[in-house]
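[1] here is a sequence together with a model predicted from it:
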Amino acid sequence: MSAAAIEAENITKTYRTGRHRSIEALRGLSFEVPAGSVFGLLGPNGAGKSTTTKILTTLSLPSSGTARVTGADVVRDAATVRTRIGYVSQGASTDPLLTVRENLELAARLRGMPRSEAARRATRLVDEFGLRENVDRAAGKLSGGTRRRLDVATALVHAPRVLFLDEPTTGLDPESRAAMWGEIRRLAGQESLTVVLTTHYLEEADRLADRIMIVDHGTKVVEGTPASSRRRSPETGCASSSSNRMPNARAVLPHPCWACARCSSRSRGRRPCSSHAPTTARPRSARSSRRSMRRGSP
Amino acid sequence: MFRRWIVATWRQVWGPAMSLLQPVIWIVLFGQVYTALGSLPVFADGGYIAYLVPGILMMTVLYSGAWAGTGYIDDMNSGVMDQLLSAPISRSAIITGQLLQQLVINVLQSAIVLGIGALAGARYPGGVVGILFALVAATLLATVFCCASTAVALITRNQVALIGLSQMIVLPATFLSTTMMPAALLPDWVQAVARWNPMTWAVELARTGLDGTLFNGSADAGLLLAQGGALLGLAALAFAWTLRAIRGYQRSL
Ligand SMILES: Nc1ncnc2c1ncn2[C@@H]1O[C@H](COP(=O)(O)OP(=O)(O)O)[C@@H](O)[C@H]1O
Ligand SMILES: [Mg+2]
């Protein structure tokens, strides 16, 4: 058993999109995630975050390269990997027609737990994730934040060693996002659990992750430890510290504010939020100013 | 795995309930429109309703089978499919579980259709064994169509394409068979097509079971055996195709 929960070596993924066309979603990505840590996989839309997650969760096959999760190869030993991971896919991943309890019990039963144990486990997770008042509601009728909490709870039903969260807070309102951050922090406290957190909010990775890797166009831009949240820029509240310490990050992530927790509007448009307008703190990068000009914002 | 789908069954109660309304309408409609046919000698003593019921039974099977794939498309869109594929269960268990669920619904539906037929005046001289025989034939046909629909869903991943394709198949399959008309009353070319139509095989099997000719020796046992065997073979092929389709689906992710 190696100390690394995940070892990826030079993985590539090429999607065929037509007879002669293809997209190189990953172009040789290598990284390691130490067991018990929270790993932030950060990058703009289309960077290849979901593709990486899908390969590590055995959902799709790499075009080349190898990856091991808890020491098991994701291609040759996919069955072993599947027993050890929990996966929250981008967008919802629970059955909208089943209730909270049914979704949890089903996930447990699918992993071979006997009925009574599945029920016990479901009850525990319902309490842990504050789902008690919604326990008999259909997942499809839950609010965005609650639904997402159910997704995470469902992925934890078999006490996996590695939990993959693909953009767990995208599209959530600030309050739900804060609640989700709380849950992730709580999970981060568990020694036995490794969390791979995919996000395009710099601040999210900054606050929650022990290590961050920024990807763009399928390649690693930079990898390192985030600055502590105490060193956040006081006037904007934006976590720009990481982007200061990792100059390359600026090139990928147009403006530090796009990671701001208060700017839930970021998930809908790419405009910086008004309250954290880029004029105050530091000059904006060429990319973000071009973008905001095109959109005609101040 | 099977239980997963049984849990999931009740939430779909409305679908099957609605699809039961159809056979009622068909039986009443066709039964009325074609009452005059009943006096023709080809229908023997049973009358047209008794002739029609096995046909309606298979039509119900066909229509609900053709919808089977839509559940997969819902699952693909809601992310449930990703969950299943990254869970430690075999790909064939996913397919089999869903199929078994559909076959259970199908048997219930079929039994209800036979009940409705009885209310409409059809008698089943073949008795309980004949009815069971008809249900087996219905299950085979359901397997063929559920699997085919699932495979198409996994390949096209598109609700509209799936529904369009099934409609293109379902209607001709019904009319180019002995579902509503005995072969003797059909034009030659339709007769030729009908002979090779799996719908005909299933309908004829059910018919001989229900009217008892299967047991009193007046039916062509060799032909029925061939039809039953062909239906079984087709069901196996369709199942294999679905398995291929789900593996192909995962490879394409
Ligand atoms: N199934 C697919 N078929 C073809 N192209 C895909 C598929 N999935 C993702 N891509 C492409 O691969 C690239 C990376 O996508 P993805 O991993 O989803 O990025 P991210 O999750 O970082 O937003 C994008 O250009 C996207 O369009
Ligand atoms: Mg993504």
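    Received the coordinates, thanks. Ligands and ions are numbered 1, 2, ... in the order given.

[2] can you give me the strands for chain A?
    For chain A, strands defined by DSSP state E occupy the ranges A:4-16, A:22-34, A:38-42, A:64-69, A:72-73, A:85-88, A:162-166, A:194-199, A:211-216, A:219-224.

[3] can you put those strands in a markdown table and add mean neighbour count, mean pLDDT and distance to A:Ala119?
    Where C-beta positions appear, they are placed from N, C-alpha and C, glycine not excepted. Compiled in a markdown table, the strands of chain A are given as follows (neighbours: other Cβ atoms under 10 Å in any protein chain shown; pLDDT from 0 to 100; distance: least, Cβ to Cβ, whole Å):
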| stretch | mean neighbour count | mean pLDDT | distance to A:Ala119 |
| --- | --- | --- | --- |
| strand A:4-16 | 18 | 94 | 30 |
| strand A:22-34 | 18 | 94 | 33 |
| strand A:38-42 | 26 | 95 | 30 |
| strand A:64-69 | 20 | 96 | 29 |
| strand A:72-73 | 17 | 96 | 30 |
| strand A:85-88 | 28 | 95 | 19 |
| strand A:162-166 | 25 | 96 | 22 |
| strand A:194-199 | 26 | 96 | 26 |
| strand A:211-216 | 22 | 93 | 37 |
| strand A:219-224 | 16 | 89 | 42 |
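
[4] which one of the ones you listed lies nearest to B:Ala111?
    B:Ala111 lies closest, by Cβ to Cβ, to one member of those: strand A:85-88, at 40.3 Å.

[5] need the CA coordinates for stretch B:234-246. CSV is fine.
    Extracted in CSV, the C-alpha atoms of stretch B:234-246 (Å, rounded to 0.1, in the frame of the first residue of the first chain):
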residue,chain,number,x,y,z
LEU,B,234,-34.1,-13.3,-30.8
ALA,B,235,-34.5,-12.5,-27.1
ALA,B,236,-31.0,-13.8,-26.5
LEU,B,237,-29.6,-11.8,-29.4
ALA,B,238,-31.3,-8.6,-28.2
PHE,B,239,-29.9,-9.1,-24.7
ALA,B,240,-26.4,-9.6,-26.1
TRP,B,241,-26.8,-6.4,-28.1
THR,B,242,-27.9,-4.5,-25.1
LEU,B,243,-24.8,-5.7,-23.2
ARG,B,244,-22.6,-4.6,-26.1
ALA,B,245,-24.4,-1.2,-26.1
ILE,B,246,-23.8,-0.5,-22.4
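
[6] pLDDT averaged over it - what is it?
    Here stretch B:234-246 scores 95 as its mean pLDDT.

[7] pull out the buried residues from it.
    Along stretch B:234-246, these residues count as buried under the neighbour rule (16 or more other Cβ atoms under 10 Å in any protein chain shown): B:234-235, B:238-239, B:241-243, B:245-246.

[8] closest to A:Lys54 among those?
    B:Ile246 (16.2 Å).

[9] for the nearest residue to B:Tyr249 once chain neighbours are set aside, give me its contacts.
    In space, not counting the residues next to it along the chain, B:Tyr249 is nearest to B:Leu154; the distance is 4.6 Å by Cβ to Cβ, 6 or more residues apart in numbering or on different chains. Contact partners of B:Leu154, counting by Cβ atoms under 8 Å, 6 or more residues apart in numbering or on different chains, are B:69, B:72, B:242, B:245-246, B:248-249.

[10] measure B:Ala173 to B:Ala137 for me?
    According to Cβ to Cβ, to the nearest Å, B:Ala173 stands 15 Å off from B:Ala137.

[11] would you mind listing what in the stretch 101-250 of chain A touches chain B?
    Contact residues, the stretch 101-250 of chain A versus chain B (Cβ under 8 Å from any Cβ of the partner chain): A:102, A:106-107, A:109-112, A:154.

[12] need the longest helix for chain B.
    Looking across chain B with DSSP state H, the single longest helix is helix B:221-252.

[13] quick one: low-confidence parts of chain B?
    Low-confidence segments of chain B, defined by pLDDT under 70: B:1-20, B:33-46.

[14] so what's the residue of the stretch 51-200 of chain A found nearest ligand 1 up against?
    Distances between the stretch 51-200 of chain A and ligand 1 by Cβ to the nearest ligand atom are smallest at A:Thr51, namely 3.3 Å. Residues in contact with A:Thr51 (Cβ under 8 Å, 6+ apart) are A:13, A:25-26, A:60, A:218.
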